[in-house]
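[1] predicted coordinates and the sequence they were generated for:
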Amino acid sequence: MTSVADDAVLEVRDLTVAYGDTTPVKGIGFAVRPGERIGLVGESGSGKSLTALSIMRLAEGARLGGSIRLEGRELLDLSEREMTRVRGGEIAMVYQDPMSSLNPVRTIGHQLVEAIRLHDRMSKEAARRRAVELLTEVGVPFPEERLSQYPHEFSGGMRQRVMIAMAMSSRPKVLIADEPTTALDVTTQSRIIDLLDRLAEEHGTAVVLITHDLGVAAGFCERIHVMRQGRIIEEGPVEQLYAAPEHPYTRALLGAVVDLTVDVHRPIQTTGDVFERHVAEGDGDGAVSAVDRARETGDVLLDVRDLRKVFALGSGRRVTAVDDVSFQIRRGETFGLVGESGSGKSTVSKAVLALGGIDGGSVVFDGLRPHELRAEPLRRLRRRMQMVFQDPFSALNRRQTVAEIIEAPLRAHGIGTRVSRADKVREAMHRVRLDEEFASRLPRSMSGGQCQRVSIARSLVLEPEFLVLDESVSALDVSIQAQVLNLLRDLQSQLGLTYLFISHDLAVIRYMSSTVAVMQQGRIVEMAARDQLFADPQHEYTRGLMAAIPIADPVAERRRRAEAAALWESSGRPTGTVVTR
């Protein structure tokens, strides 16, 4: 019988990655055949991305051991010059954040042509024609015109398509996709995965998908390797591993998935619950019930009426980002705002907090109109309204310690003495369950989940009544996301907070919210109580978003992908009219 290694295009054996006395990757191994799709899954810090960088020999300062073979050739024995020809030529990589990977001051065409000519000797004109072909292949509309545009003029999904086009420009034997769909909305995510699937099928490219999203991995991968603390703790065919996971950690990861079947009245299980403590039967019961009651009994804290926001794009062009948006949020409830990237959700959040002007309508917070306030009255109001951003790393000052970051709002508002501020910082850290030893640490030494807790603590230190949570868990892995969602619900119950919860993930919105509004192209197309909306969605766009949610079950996920593709194709991404219930 032929072993996997005999016909593998890429084979990793006993790979170790060490930095001084620390070994974050400890003797892992796997192989992938031409055209095969395998997954490396696990939480942040498990060693997935470091493994990918090591395969490319881009783990700066690391000491590599073991073996990495590409079609039988040992990559660890190659000189740097030889390895340069392998990178991008025979093995290509697609990174998580395309905006960080693209040069913001170079056009898409310049960067794509440069990538093509790096590995193929051809004229600029021929490379330009090839660039158009590649953009067409990855589904970028109007490719000729797009070549002259800059990265900031593309959406997140389109930027990721450009990165895939660059990666495929040299027809690599192996494509490593490191969290390629993280923070993308569900429909864009689905299209990126479909694209990778098609490229593997048509070009025979072996794909190593690195992800924390078990739903995405279920529908794409043929084999799964689960990583924890630098080791592969379980592996197998995708159907077998999902149906009967053997390791408690694998079972915990699957249990932490937030989908449309999760019980909204109970805390989500996390890997920490399995390995550190067990959630008591009654923990968290009633937290969402209290939020639901607030929807019925609380007084209106935020009233948004006929909101409109227009942006000028230059050359006389204007785009209406938010058009005729109205909703109310009652004190103590969570109002969920969901939609794809570019639907206008974040523009609404900034309008609510008076971070920039509006072009029509009104925002009223507890009887006050933020857009009509100036100077000190607006400053006082801002203490009552705070925001938690999507990317915790970008939102934190990398040069400040955790204590300095959390204290900053108190200093900005001139609150307290040095001693009293230190007490408030400790109290805020305790609320978000951060040990005091974190006070002196810098963000770069912390995980994404820990950094997001710091962001939440910073928002809470002013004791606000209202939090805007803008995609606050979309960049976190499945178990850390569960921890943060559980934390946010606990804080709301303890402090009586009111949330505007913004997400592209309907499953997360369902778990957190009592009222849900669905946005498309700047308008609310459907709004209803959570249970009503998810039991009987009225708008085609809402049904399309629900159909795009990945399922952590290989058979069900493949069926869902096929049905979702048919639904979106037949619906033509309708705009429709508002449905309010």
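    That came in fine, so what should we check first?
[2] contact partners for residue 58?
    Neighbouring residues of residue 58 by CB atoms under 8 Å, 6 or more residues apart in numbering: residue 87. C-beta coordinates here come from the backbone N, C-alpha and C atoms, glycine included.
[3] sec struct for it, please.
    Here residue 58 is recorded as coil under DSSP: H, G, I helix; E, B strand; the rest coil.
[4] mind checking how far it is from residue 210?
    14 Å (CB to CB, to the nearest Å).
[5] residue 350 against residue 358, yeah?
    No: counting by CB atoms under 8 Å, residue 350 stays clear of residue 358, with 9.4 Å between them.
[6] the more surrounded of the two?
    The neighbour comparison of residue 350 against residue 358 (other CB atoms under 10 Å) goes to residue 358, with 22 against 17.
[7] give me the pLDDT for that one.
    Per-residue pLDDT puts residue 358 at 95.
[8] what do you get for residue 85?
    pLDDT at residue 85 comes out at 89.
[9] that one: neighbouring residues, count only.
    Using other CB under 10 Å: residue 85 sits among 13 other residues.
[10] tell me which element it is part of?
    Using DSSP states H and E, the element containing residue 85 is helix 80-86.
[11] can you pull out the helices in the stretch 151-300 of the chain?
    156-168, 186-203, 214-220, 238-243, 248-255, 271-275, 287-297 (DSSP state H, counting those that start in this stretch).
[12] ok, which of the ones you listed comes nearest residue 102?
    Among the helices of the stretch 151-300 of the chain, helix 156-168 comes nearest to residue 102, with 6.4 Å by CB to CB.
[13] got the contact list for that closest one?
    Helix 156-168 is contacted from outside by 88, 92-95, 98-99, 101-102, 108, 111-112, 115, 131, 134-135, 137-140, 151, 154, 175, 180-181, 183-185, 188, 191-192, 195-196, 199, 203, 205, 341, using CB under 8 Å, 6+ apart.
[14] and this protein, what are its domains?
    Domains of the chain are assigned by automatic domain parsing as 4-255, 287-300+318-355+370-544.
[15] among the helices of the stretch 151-300 of the chain, which comes closest to residue 263?
    Among those, if distance is taken as CB to CB, the winner is helix 287-297, at 9.5 Å.
[16] hmm, residue 113 is touching residue 124, no?
    Yes: taking CB under 8 Å as the definition, residue 113 is a contact partner of residue 124 at 6.2 Å.
[17] and those two? Which one has more around it.
    Using other CB under 10 Å as the criterion, residue 113 and residue 124 rank with residue 113 on top: 22 against 11.
[18] quickly find the element holding the more buried one.
    Going by DSSP H and E, residue 113 is part of helix 108-119.
[19] can I get that helix in CSV? Just the C-alpha atoms.
    This file holds the C-alpha atoms of helix 108-119, laid out as CSV (Å, rounded to 0.1, in the frame of the first residue of the first chain):
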residue,chain,number,x,y,z
ILE,A,108,-2.9,46.8,-7.9
GLY,A,109,-1.6,46.5,-11.4
HIS,A,110,2.0,47.5,-10.5
GLN,A,111,2.1,45.0,-7.7
LEU,A,112,0.6,42.2,-9.7
VAL,A,113,2.8,42.7,-12.7
GLU,A,114,5.8,42.8,-10.4
ALA,A,115,4.9,39.5,-8.9
ILE,A,116,4.4,37.9,-12.3
ARG,A,117,7.7,39.1,-13.7
LEU,A,118,9.5,38.0,-10.6
HIS,A,119,9.1,34.3,-11.6
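[20] that one vs helix 156-168, what angle?
    Here helix 108-119 runs at an angle of 20 degrees relative to helix 156-168 (axes from the mean of the first three to the mean of the last three CA atoms, to 10 degrees).
[21] what helices or strands is helix 108-119 leaning on?
    helix 124-137, helix 156-168 (3 or more CB pairs under 8 Å, 6 or more residues apart in numbering; DSSP states H and E).
[22] got the angle for that helix vs helix 124-137?
    Going by the same axes, to 10 degrees, helix 108-119 makes 110 degrees with helix 124-137.
[23] give me the contact list for helix 108-119.
    Contact with helix 108-119 is made by 85, 88-89, 102-103, 122, 124, 127-128, 130-131, 134-135, 146-151, 154, 162, 165-166, 169-170, as judged by CB under 8 Å, 6+ apart.
[24] where does the stretch 451-581 of the chain dip in pLDDT?
    565, 567-581 (pLDDT under 70).
[25] ok, now the stretch 1-150 of the chain?
    Applying pLDDT under 70 to the stretch 1-150 of the chain flags the ranges 1-6.
[26] quick one, helices of it?
    According to DSSP H, counting those that start in this stretch, the helices that the stretch 1-150 of the chain contains are 48-55, 80-86, 98-101, 108-119, 124-137, 143-146.
[27] please name whichever of these is nearest to residue 440.
    Nearest to residue 440, of these and by CB to CB, is helix 48-55 at 25.7 Å.
[28] residues contacting residue 479?
    43, 252-253, 256, 270-272.
[29] that one in helix, strand or coil?
    Classified using three-state DSSP, residue 479 is helix.
[30] how about the helices in the stretch 351-500 of the chain?
    According to DSSP H, counting those that start in this stretch, the stretch 351-500 of the chain carries its helices in the segments 375-382, 392-395, 402-412, 418-431, 448-460, 478-495.
[31] deepest of these, which one?
    Neighbour counts (mean count of other CB atoms under 10 Å) averaged over each of the helices of the stretch 351-500 of the chain peak at helix 448-460, with a mean of 24.
[32] give me the contact list for that helix.
    44, 386-389, 392-393, 395-396, 402, 405-406, 408-409, 425, 428-429, 431-434, 438, 443, 446, 467, 472-473, 475-477, 480, 483-484, 487-488, 491, 495.
[33] can you do 7 Å?
    44, 386-389, 392-393, 395-396, 402, 405-406, 408-409, 428-429, 431-434, 438, 443, 467, 472, 475-476, 480, 483-484 (CB atoms under 7 Å, 6 or more residues apart in numbering).
[34] list only buried entries from the contacts of helix 156-168.
    Using 16 or more other CB atoms under 10 Å as the burial test, the contacts of helix 156-168 include 88, 92-95, 98, 101-102, 108, 111-112, 115, 131, 134-135, 137-140, 151, 154, 175, 180-181, 183-185, 188, 191-192, 195-196, 199, 203, 205, 341 as buried.
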